[in-house]
Structure formats: C-alpha cells, structure tokens
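Asker: pasting the sequence and the predicted model now:
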Amino acid sequence: MDTDGPFGWNVPIEGVAPLLYVLPKLKEFETMTWQEIAGRRHHNIPVDTLSTNAKRRLSDLNLDDIDEVFSLALMGLQRVVGIRDQNVFRVLWWDPEHQVCLSHKKRT
C-alpha cells in the first residue's frame, strides 16, 4: 500500500483517513468472486495507458515491471487501484479523482 505520492493513502477525506472510509467498501468485495467483480466498472488497466504521474510513481516504488493494475470503482470518480495477483488484490493507491488513468468518457 502506497502511503505517499500523488495517490497515497495519506490525504484525509473530510477529516477521515481514506482507509477508514474505503475499508467497508473493500470488505464488500471479499464476498465476491473475480468473475463477479471484473467487468465494465472494475477492470484491468494496462500500465502503458496510465497517467504520467502513475507511471512515475510505479517506477519510484520499483513496480515498473508490472504490465497492468486493477481498478475498483467505488462511487462516482473514486477508485482503489491495486495489483491483482491471482485471487489476491494487493491495494496500491487511493484515486478519489480518477487521475491514475484519465478517462475520456463523461463522469468517469
């Protein structure tokens, strides 16, 4: 879990630590299979399509050898980005403004 950088878990959300806000939402995913999770809203993102800041941060974390990250959509623009390792989701970033991978679609 990255606690620093542009997508770190260190920036409070309305005075609350992001992890305390996101944890109940992540627990909901624990009851689901990957077949139930993966789809239009929750999906892999190839590293070469990530924003410059995200690519730079992966390099800073010595994770520039991965091919893709996985994005879990929470509410609105909010995303939790991580690395899917078989059946395990390794939490990496908090992306409240959908800046890890810029979307060209409205409201995404």
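Answerer: Now that the structure is in, tell me what you want to look at.

Asker: now do the residue lying closest to residue 74 once chain neighbours are set aside against residue 43, distance only.
Answerer: Nearest non-adjacent residue to residue 74, counting by C-beta to C-beta, 6 or more residues apart in numbering: residue 25, 5.2 Å away. From N, CA and C alone the C-beta is placed, and that goes for glycine too. Distance of residue 25 to residue 43, given as C-beta to C-beta, to the nearest Å: 17 Å.

Asker: quick one on the thing from earlier: just the element for the residue nearest to residue 74, please.
Answerer: Using DSSP states H and E, residue 25 falls within helix 18-29.

Asker: all strands for the protein, in order.
Answerer: In the chain, the strands defined using DSSP state E lie at 43-46, 68-73, 79-85, 88-95.

Asker: let's have those strands in CSV, adding distance to residue 34.
Answerer: Formatted as CSV, the strands of the chain follow (distance: least, C-beta to C-beta, whole Å):
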stretch, distance to residue 34
strand 43-46, 11
strand 68-73, 10
strand 79-85, 8
strand 88-95, 9
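
Asker: JSON lines for those, including mean neighbour count and distance to residue 35?
Answerer: Output for these, formatted as JSON lines (neighbours: other C-beta atoms under 10 Å; distance: least, C-beta to C-beta, whole Å):
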{"stretch": "strand 43-46", "mean neighbour count": "13", "distance to residue 35": "13"}
{"stretch": "strand 68-73", "mean neighbour count": "20", "distance to residue 35": "14"}
{"stretch": "strand 79-85", "mean neighbour count": "19", "distance to residue 35": "13"}
{"stretch": "strand 88-95", "mean neighbour count": "19", "distance to residue 35": "14"}
